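Peer 1: Predicted coordinates and the sequence they were generated for:
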Amino acid sequence: MLDGFSAEMLARVQFAFTVSFHIIFPAFSIGLASFLAVLNGMWIRTRDETYLTLFNYWKKIFAVTFGMGVVSGIVMSYQFGTNWAVFSDKAGPVVGPLMAYEVLSAFFLEAGFLGIMLFGRERVGERLHMFATAMVAFGTLMSATWILSVNSWMQTPAGFSINEVGQFVPEDWWQIVFNPSFPYRLVHMVLAAFLTTALAVGAVGGLHLLRDRADNEARRMFSMAMWMALLVTPLQIAAGHVHGLNTLEHQPVKIMAMEGHYESHPEGWSPLYLFGIPNDAEQRLDYAFGIPGLGNLIFEKPLDAPVMGLDTIPDEEQPPVFIVFWSFRVMVGLGFLMLGLGAWSAWARWKGNLYEAPWLHRACIVMGPTGFIAVLAGWITTEVGRQPYTVYGLLRTSDSLAPIDAPAVAASLIAFIIVYFFVFGAGTFYILRMMNKRPSTPKLGLADGPIRTAGISPAPQIDDKFVPGK
């Protein structure tokens, strides 16, 4: 123990810290890679230079984001061998090959075509460049597919047997990869990545529209982002609901924690709690405010159907309810704010003032980071709600830890915190600086008028009929 913190708790904090830094970069790069593919395709199809300018603008941001995602991901994989060696030994026959497939089929695909996408347009031709851009986008989606398959198997394990030394041995790879929760979690995560990117792009577009409403590149990116927010947010809410029903079937204790249901409702009419303070010690929800019967309707059960609560679950089998309860509400609350933002943009578009609505642009700037926050809240709900297990129902977290001492884990945790805040803080600051710059590079003599540069007067217009000496 180290001042009340066990090696297990410190190892869990360390993994939570590193995965929180890591997940925000893939969540952005998945959507941004697809956005780049769309921009490049539209440039080839229409020859509208606005698309090319935006492609060149966002590809630089993608490159930095991709690099930080790779670096943060490598650190996470090392922890499986240092802090969680027992988990690696027991689950390695299943988890190891899936992680290797991700590297071989997805990461190498991304990395192999990334250089062509970034620097190869003039060298390989537009068709091959477009193919490389599409392969980078496909590679990011493949990475998400394999990683979600691994994590989903840990949530809903299937297709395995346990040998005499307690290892999970593969029996049916089809069932392992396409385990019961995998399709739902994959759709939910990919839509979250697209929505996260749309909000970030919309925030940048809104920022530059506040500075110059006539900025063509800002108009184009803002319009595309708002279309994505309008269309994807309802799909994400629907996908989240279906995913929740799947979780209710396979991980009912997690749903009990998410909904704050300490008590059972054998006669039905379970409430949907909008607010409350979970009290694990007393096994009750303090200051609860709920709508009677709506809990049954959300679970798609008849109003008089019984709903079980945490009072049917031993204390040692329950996750930390306070964290799960509130992280879930943060995610859902932000989801409905995104829905409102999409509806607001649709109204402004219908009224014809999408680019002349400064309060909408300001709202988009404020909402820019919320996609990342919602992704983090969703992952916290998923991972903390799985506790006390690493492989749900089969391998407890306390039995997955390597034989390490608390001071050693604390030292590495402190080192990670210091290095991460310097390295990734600088990287994030650099990305924000790039976003703060205008998408277009001013060129003298453009037909659309004087150069629009903040703080610089328009360049004098030269009369081409004037010849010195005449």
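Peer 2: Great, that's in hand. Numbering: from 1, shown residues only.
Peer 1: contacts, neighbours, all on C-alpha from now
Peer 2: Noted.
Peer 1: How about the secondary structure of residue 404?
Peer 2: Of the three states, residue 404 takes coil under DSSP: H, G, I helix; E, B strand; the rest coil.
Peer 1: Burial check on it, number of neighbours?
Peer 2: As a burial measure, residue 404 scores 15 neighbours (other Cα atoms under 10 Å).
Peer 1: I'd say it and residue 83 touch.
Peer 2: Yes. Contact criterion Cα atoms under 8 Å: residue 404 and residue 83 qualify, at 7.1 Å.
Peer 1: which regions of the chain sit below the pLDDT cut-off?
Peer 2: Low-confidence segments of the chain (pLDDT under 70): 1-4, 441-470.
Peer 1: where exactly do the helices run in the stretch 351-470 of the chain?
Peer 2: Along the stretch 351-470 of the chain, the segments classed as helices by DSSP state H, counting those that start in this stretch run 358-367, 370-386, 406-436.
Peer 1: other SSEs contacting the longest one?
Peer 2: Contact here means 3 or more Cα pairs under 8 Å, 6 or more residues apart in numbering; DSSP states H and E; on that basis helix 406-436 packs against helix 7-46, helix 49-82, helix 182-211.
Peer 1: Please apply the same query to the first one.
Peer 2: Applying 3+ Cα pairs under 8 Å, 6+ apart, one finds that helix 358-367 makes contact with helix 182-211, helix 321-351.
Peer 1: Mind doing that once more with 6 Å?
Peer 2: helix 182-211 (3 or more Cα pairs under 6 Å, 6 or more residues apart in numbering; DSSP states H and E).
Peer 1: check contacts around residue 221.
Peer 2: residue 205 (Cα atoms under 6 Å, 6 or more residues apart in numbering).
Peer 1: Is it part of a helix or strand, or is it coil?
Peer 2: helix.
Peer 1: Going forward, the N-terminal residue is numbered 49.
Peer 2: Understood, numbering begins at 49; the last thing we discussed is residue 269.
Peer 1: Look up how far residue 120 lies from it.
Peer 2: Noted for residue 269: a distance of 29 Å to residue 120, by Cα to Cα, to the nearest Å.
Peer 1: and residue 321, helix, strand or coil?
Peer 2: Here residue 321 is recorded as strand under three-state DSSP.
Peer 1: in the sheet, who's paired with it?
Peer 2: Residues in a beta bridge with residue 321, per DSSP bridges, are residue 338.
Peer 1: Looks like it contacts residue 341 (just checking).
Peer 2: No. In this structure, residue 321 is not within contact of residue 341 by Cα atoms under 6 Å, at 10.4 Å.
Peer 1: picking up where we left off before, if you compare the helices and strands packed on helix 454-484, which one is most tucked away?
Peer 2: helix 230-259 (a mean of 24; mean count of other Cα atoms under 10 Å).
Peer 1: and that one, what does it pack onto?
Peer 2: helix 55-94, helix 264-298, helix 406-415.
Peer 1: As a markdown table, the helices of the stretch 399-518 of the chain with distance to residue 172 and mean neighbour count would be great.
Peer 2: A markdown table is the format used below for the helices of the stretch 399-518 of the chain (distance: least, Cα to Cα, whole Å; neighbours: other Cα atoms under 10 Å):
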| stretch | distance to residue 172 | mean neighbour count |
| --- | --- | --- |
| helix 406-415 | 38 | 18 |
| helix 418-434 | 35 | 22 |
| helix 454-484 | 27 | 15 |
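Peer 1: Quick one: closest of the helices and strands packed on helix 230-259 to residue 433.
Peer 2: helix 264-298 (10.5 Å; Cα to Cα).
Peer 1: After the closest one, which helix or strand is next?
Peer 2: helix 300-307 (DSSP states H and E).
Peer 1: what residues does that next one touch?
Peer 2: For helix 300-307, the surrounding residues in contact (Cα under 6 Å, 6+ apart) are 296, 357, 369, 372-373, 433.
Peer 1: same check, this time on stretch 152-160
Peer 2: Here stretch 152-160 makes contact (Cα under 6 Å, 6+ apart) with 184, 187, 190-191.
Peer 1: which of the residues you listed count as buried?
Peer 2: With burial judged by 16 or more other Cα atoms under 10 Å, the buried subset of the contacts of stretch 152-160 is 184, 187, 190-191.
Peer 1: Only alpha carbons, please: show stretch 140-157 as PDB.
Peer 2: The C-alpha trace of stretch 140-157 is given here as PDB (Å, rounded to 0.1, in the frame of the first residue of the first chain):
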ATOM      1  CA  GLY A 140      -3.400 -13.700 -24.400                       C
ATOM      2  CA  PRO A 141      -4.400 -16.700 -26.600                       C
ATOM      3  CA  VAL A 142      -7.500 -14.800 -27.600                       C
ATOM      4  CA  VAL A 143      -6.600 -11.100 -27.200                       C
ATOM      5  CA  GLY A 144      -3.000 -11.400 -28.600                       C
ATOM      6  CA  PRO A 145      -4.000 -12.500 -32.200                       C
ATOM      7  CA  LEU A 146      -6.700  -9.900 -32.400                       C
ATOM      8  CA  MET A 147      -4.200  -7.200 -31.400                       C
ATOM      9  CA  ALA A 148      -1.800  -8.500 -34.000                       C
ATOM     10  CA  TYR A 149      -4.500  -8.500 -36.700                       C
ATOM     11  CA  GLU A 150      -5.100  -4.800 -35.900                       C
ATOM     12  CA  VAL A 151      -1.400  -4.000 -36.400                       C
ATOM     13  CA  LEU A 152      -1.000  -6.100 -39.600                       C
ATOM     14  CA  SER A 153      -4.200  -5.400 -41.400                       C
ATOM     15  CA  ALA A 154      -5.100  -1.900 -40.200                       C
ATOM     16  CA  PHE A 155      -2.100   0.100 -38.800                       C
ATOM     17  CA  PHE A 156       0.300  -1.000 -41.600                       C
ATOM     18  CA  LEU A 157      -2.400  -0.100 -44.100                       C
END
